[in-house]
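Colleague: can't give you the sequence, but here's the structure:
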């Protein structure tokens, strides 16, 4: 899997006027707090389908008070046992290994769920998930926004990403292209004979830059999509995360519109 081509030039702005205050848990129940949920999974793992199904539930029926921003990140270390997961990438195995080191684990495992980079647990454990979501809802978040999402005449994706000023020392800004829905009929391995469904499958994740304390972030982003992808089955996710895959400080998600940009 090839990484996305980023052609945007970063513009770091000290103090976007209306975007300097973190989001706390709102008193208005109609306002939802963004919560990033990452599921490390594999079609070669027999324990993963229940976690995959749980992630689909979170995508369809958000937790009260939360804007659930989900990502399915398929690792490649199960591919040697008979089934090559078509959505797997070593990039996500490496990303998960950094989390494992940070949390003091013996090593990566599947299914593993990460909530806002602050809590980790077996991805099908709904009790642990509820506790992690409650913790995430109480954490302040900075606003992150994707706007002007369109396809240019060549089929490349373009958008504008902004993130509010930081009170932390620094953080990293990521953008992800993900499949809304994906499905495989597994012919071999632990899930042989099963048809597996997935949601928000990450196919490209790129770090755009760094925000430093007291600074906001704004950047035009251009991404080349792989040929054959249906834009109607894609979403964009952006998030701000402390270095070394620390806590997620803000996140957002938007659908990708199939209409090309007008010249």
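Modeller: The structure has been received and is ready for your questions. Just so we're clear, the structure is a prediction, and the values are computed from it rather than from any experiment.

Colleague: which ones are touching the residue positioned nearest the centre of the chain?
Modeller: For the chain, the residue whose C-alpha lies nearest the mean C-alpha position (CA atoms, centre = their mean) is residue 71; its distance is 4.3 Å. When the contact criterion is CB atoms under 8 Å, 6 or more residues apart in numbering, the partners of residue 71 are 36-39, 176, 178, 200, 202, 237. Just so you know, the C-beta spots here come from the backbone N, C-alpha and C atoms, and that holds for glycine as well.

Colleague: distance to residue 83, pLDDT and secondary structure added to the residues you listed, as JSON lines?
Modeller: Converted to JSON lines, the contacts of residue 71 look like this (distance: CB to CB, whole Å; pLDDT from 0 to 100; DSSP: H, G, I helix; E, B strand; the rest coil):
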{"residue": "36", "distance to residue 83": "28", "pLDDT": "98", "secondary structure": "strand"}
{"residue": "37", "distance to residue 83": "25", "pLDDT": "98", "secondary structure": "strand"}
{"residue": "38", "distance to residue 83": "22", "pLDDT": "98", "secondary structure": "strand"}
{"residue": "39", "distance to residue 83": "18", "pLDDT": "98", "secondary structure": "strand"}
{"residue": "176", "distance to residue 83": "24", "pLDDT": "97", "secondary structure": "strand"}
{"residue": "178", "distance to residue 83": "22", "pLDDT": "97", "secondary structure": "strand"}
{"residue": "200", "distance to residue 83": "21", "pLDDT": "98", "secondary structure": "strand"}
{"residue": "202", "distance to residue 83": "19", "pLDDT": "98", "secondary structure": "strand"}
{"residue": "237", "distance to residue 83": "26", "pLDDT": "98", "secondary structure": "strand"}
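
Colleague: in JSON lines: those residues, plus distance to residue 249.
Modeller: Below are the contacts of residue 71 laid out as JSON lines (distance: CB to CB, whole Å):
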{"residue": "36", "distance to residue 249": "10"}
{"residue": "37", "distance to residue 249": "15"}
{"residue": "38", "distance to residue 249": "15"}
{"residue": "39", "distance to residue 249": "20"}
{"residue": "176", "distance to residue 249": "16"}
{"residue": "178", "distance to residue 249": "20"}
{"residue": "200", "distance to residue 249": "20"}
{"residue": "202", "distance to residue 249": "19"}
{"residue": "237", "distance to residue 249": "14"}
